[in-house]
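>>> okay, sequence plus prediction incoming.
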Amino acid sequence: MATDPPSPVPSSYLLHPSDSPSLTLVNGLLTGDNFPKWQKAMTRALNAKNKLSFVDGTLTPPDPSSTAYPQWNQTKDMVLTWLLNSISPSIANSLEYHTDPRAVWVDLSSRFCHGNNARIYQLKRALSSLQQTTNSVHEYYNQIKQLWDELGHLQRNTDLKDLQKQVEDEQVFQFLLGLNDSFASLRTQILAMDPLPSISKVFSILFQEEQQRLLHIQTPPSESLALALPP
């Protein structure tokens, strides 16, 4: 009785002879604050090697009894090693017990993908203070274009609702950029909120903080002490 021929191994499972566990796919290790740039570079590198499906959720693992399973398992571990090679040791150590590159990808996204507000603020601050100084026009253009490109990547939206939120967030960023450094701690807390609060809410938070400071300054020491003591 004739038997069916074994199913062909998908091309994404195959490794090139030059592929090795010591390979680093991108320049610059992931440190956390550079996650968007790292993720974009890693996506390109994995796609070039036909291995992006191991992290983007489009690949379904084969049945363990399948003839393709050993090759899939080997390639999976290779992709996982490549990912860990491209992450700073302080972060990679916390990922060592993951056995699936997709799990590492999701873990990193959950940690760093929502921290864009602080980076957007840093980019806008850099843009507002950037000057040509002694650089050539070409060097100055390269500097500002790099900031524009990263900012555009972080703020890329196509949905009308998202675009409206982006306009509202822009008001928040502009307001925070002009604040005195005495509000630096509170500004950091606001930037850590996801999503960013509305400009009216940000104003309310800062106004209340300012009023509390004024009250503390205007309250005589004896009265302040009396208010702090229980009746």
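Looks like it arrived, so ask away.
>>> how near is the residue nearest to Phe112 when sequence neighbours are not counted to Gln143?
For Phe112, ignoring the flanking residues on the chain, the nearest one in space by Cβ to Cβ, 6 or more residues apart in numbering is Phe35 at 3.7 Å. C-beta: built from backbone N, CA, C; applies to glycine. Going from Phe35 to Gln143 by Cβ to Cβ, to the nearest Å gives 22 Å.
>>> okay, those two: which has more neighbours?
Phe35 (20 against 16; other Cβ atoms under 10 Å).
>>> ok, the more buried one to Tyr97 distance?
21 Å.
>>> what packs against the biggest helix by length in the chain?
What stands out as the longest helix in the chain, according to DSSP state H, is helix 199-218. The contact analysis (3 or more Cβ pairs under 8 Å, 6 or more residues apart in numbering; DSSP states H and E) places helix 199-218 against helix 160-177, helix 184-191.
>>> change it to 10 Å
Applying 3 or more Cβ pairs under 10 Å, 6 or more residues apart in numbering; DSSP states H and E, we find helix 199-218 packed against helix 160-177, helix 184-191, helix 221-228.
>>> turn the ones you listed into TSV, including distance to Ser20.
Output for the helices and strands packed on helix 199-218, formatted as TSV (distance: least, Cβ to Cβ, whole Å):
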stretch	distance to Ser20
helix 160-177	42
helix 184-191	41
helix 221-228	66
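>>> would a markdown table of those with mean pLDDT be doable?
Formatted as a markdown table, these follow (pLDDT from 0 to 100):
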| stretch | mean pLDDT |
| --- | --- |
| helix 160-177 | 84 |
| helix 184-191 | 91 |
| helix 221-228 | 44 |
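>>> of those, which is nearest Leu151?
Ranking those by proximity to Leu151 (Cβ to Cβ) places helix 160-177 first, at 10.4 Å.
>>> please identify the buried residues of that closest one?
Applying a neighbour-count criterion of 16 or more other Cβ atoms under 10 Å, one finds Asp169, Val172, Phe173, Leu176 buried in helix 160-177.
>>> hang on, the second one packs against Pro197?
Yes: contact criterion Cβ atoms under 10 Å: Val172 and Pro197 qualify, at 7.4 Å.
>>> common neighbours of the two, please.
Common neighbours of Val172 and Pro197 are listed as Ile190, Phe203 (criterion: Cβ atoms under 10 Å, 6 or more residues apart in numbering).
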